[in-house]
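Peer 1: I would like to see how this sequence folds:
(one chain, ligands or ions: 1)
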Amino acid sequence: MLKSAGSGGNSGGFFEFLAVFLVATLCLLGVTPALAQIVSVEDYPDVMDARVSATAERARLIIDLSGPTEFAIATLDNPNRIAIDVKAFEVKILAPADVAGDGLVSSYSVEMAEKGRARTLLTLAKPALVQQAYMMEAVADQPARLVVDLIPTDEMTFNAKVAADLAASVANQGAVPETTSTDPGTHAAPVAETRPLVVLDPGHGGIDNGASAPNGVHEKDITLTFALQLQKVLMETGHFDVALTREDDAYLTLNQRVDLARQNKADLFISLHADSFQEPEIRGASVYTRDENATDVLDKVLADGENRYDIVAGFALPQATPAVMDILVDLMRREMRKSSFLAAEAIVHQLEPSVALRRFPVRQADFFVLQAPDVPSVLVELGFLSNAADIANLQQSDWRDRVVNALARGIADYFDQTQKSAAVAP
Ligand code: ZN
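Peer 2: Now for the predicted structure:
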């Protein structure tokens, strides 16, 4: 056993070597180099399931585990592959499902590479890079998970990554390079010369409580708590400037919120809510973009209710858009609509492995607070104060941490995409 490391005896030298080697390996994997923390292979979690979904623009691998573990990733060529190693005791997958969809990843396998190490090998249809990878603890009915997202890259960048990983691997005596992270701060977002401005809008405030749970918790307080925490996480990445429409229990009209985003030339406006629904069984997070002609009846009720808060608080509804709209504004609005939808998709994509979502979580409704023609705008319903499970989640700090981190990753993804498409635009 490793306990004997450093003790005397004929075999001490070998055990010392073994201990040093293991500690070096574990250091590499981000574990504190205390011998007491070294666990035996039998204590490693099992790989319970794995699945891959792919489109031409991205791919996602999810590995279900019986507990969180360390992981490492390497890029390989001939053929182009990405290897994801996790410390694991056993692979308990009977028959891995086929890749869902058609795109970046053509096939994959999951098997034990050696004792204590399970390897998932993604065979790439096109050169791709790991955009982000993170381990998630088990929550509710969801097991611990490793999530790995891939995005396309060019041949040259891919080959450079293969060479870099190989060099790192040789330097580390065969261990693959480490990329463990659960922190959106290490996200691969390019550091722009000017940081995008994200304006967060905690819904309601002041005399307008928003929705209220039976236990007396108000929506306005929940949205403010989330917004302040999301601001902190986004600022810590160093990639964004973040402003809030309100930082305390202040009342603002919907127009004032929109104007704040427009006057400050926000690059993204996110309104946070946790409304009530007349159907208490409806629960889960969802992300809305604006569509004046949306037809979903329930969503219309939600938007109408939200828009009515200005009347409740003594302010008139905003004027309807003039029938004859300036063609430029119209074009701008269309562009913003596209960007808003991309932002909503990116956020939902990151929320999906973390929290319960509504069916069809990217939704459209006529929310007045999303009316800016020149700022991409989305409204995030974190959950519903009319549903008991959501009420419990909304007040839990670990649930809040997960949602905030997922929102931060989604926002970073959105800017990754838009900055890339801006870079290739003529
Ligand atoms: Zn609300």
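
Peer 1: Which residue does this protein have closest to the ion?
Peer 2: H273 (3.5 Å; C-beta to the ion). Placement of C-beta: from N, CA and C, glycine included.

Peer 1: Pull the number of nearby residues for that residue.
Peer 2: 28 (other C-beta atoms under 10 Å).

Peer 1: quick one, what contacts the residue nearest to it when sequence neighbours are not counted?
Peer 2: With sequence-adjacent residues excluded and distances taken as C-beta to C-beta, 6 or more residues apart in numbering, H273 is closest to G203, at 4.1 Å. Counting by C-beta atoms under 8 Å, 6 or more residues apart in numbering, G203 touches 210, 219-220, 223, 271-275, 306, 369.

Peer 1: What's the per-residue pLDDT of the residue of the chain closest to the ion here?
Peer 2: For H273, the pLDDT comes out at 95.

Peer 1: mind checking how far it is from P152?
Peer 2: 34 Å (C-beta to C-beta, to the nearest Å).

Peer 1: Now the closest residue to N80 other than its chain neighbours: phi and psi?
Peer 2: Nearest residue to N80, sequence neighbours excluded (C-beta to C-beta, 6+ apart): L124, at 4.3 Å. Backbone torsions for L124, taken as degrees, to the nearest 10, come to phi -90, psi 140.

Peer 1: Pairing-wise in the sheet, spell out the partners of L124.
Peer 2: V105 (DSSP bridges).

Peer 1: Can you get me a residue count around it?
Peer 2: L124 has 26 nearby residues by other C-beta under 10 Å.

Peer 1: quick one: it and S107 touch, right?
Peer 2: No - look at L124 against S107 with C-beta atoms under 8 Å: they stay out of range, at 9.6 Å.

Peer 1: Report pLDDT for the residue nearest to H273.
Peer 2: 95.

Peer 1: backbone phi and psi for the residue of the chain closest to the ion, please?
Peer 2: When read as degrees, to the nearest 10, the backbone of H273 gives phi -140, psi 160.

Peer 1: now do A243
Peer 2: Taking degrees, to the nearest 10 as the convention, A243 sits at phi -120, psi 150.

Peer 1: same thing with R257?
Peer 2: Dihedral angles for R257 - degrees, to the nearest 10 - are phi -60, psi -50.

Peer 1: So it sits against S271, correct?
Peer 2: Yes - with contact defined as C-beta under 8 Å, R257 counts as touching S271 (7.1 Å).

Peer 1: Report the buried residues of the biggest helix by length in the chain.
Peer 2: Ranked by residue count under DSSP state H, the longest helix found in the chain is helix 397-424. By neighbour count with 16 or more other C-beta atoms under 10 Å, helix 397-424 contains the buried residues 399-400, 402-418.

Peer 1: Who are the packing partners of it?
Peer 2: strand 128-136, helix 219-237, strand 268-273, helix 327-351 (3 or more C-beta pairs under 8 Å, 6 or more residues apart in numbering; DSSP states H and E).
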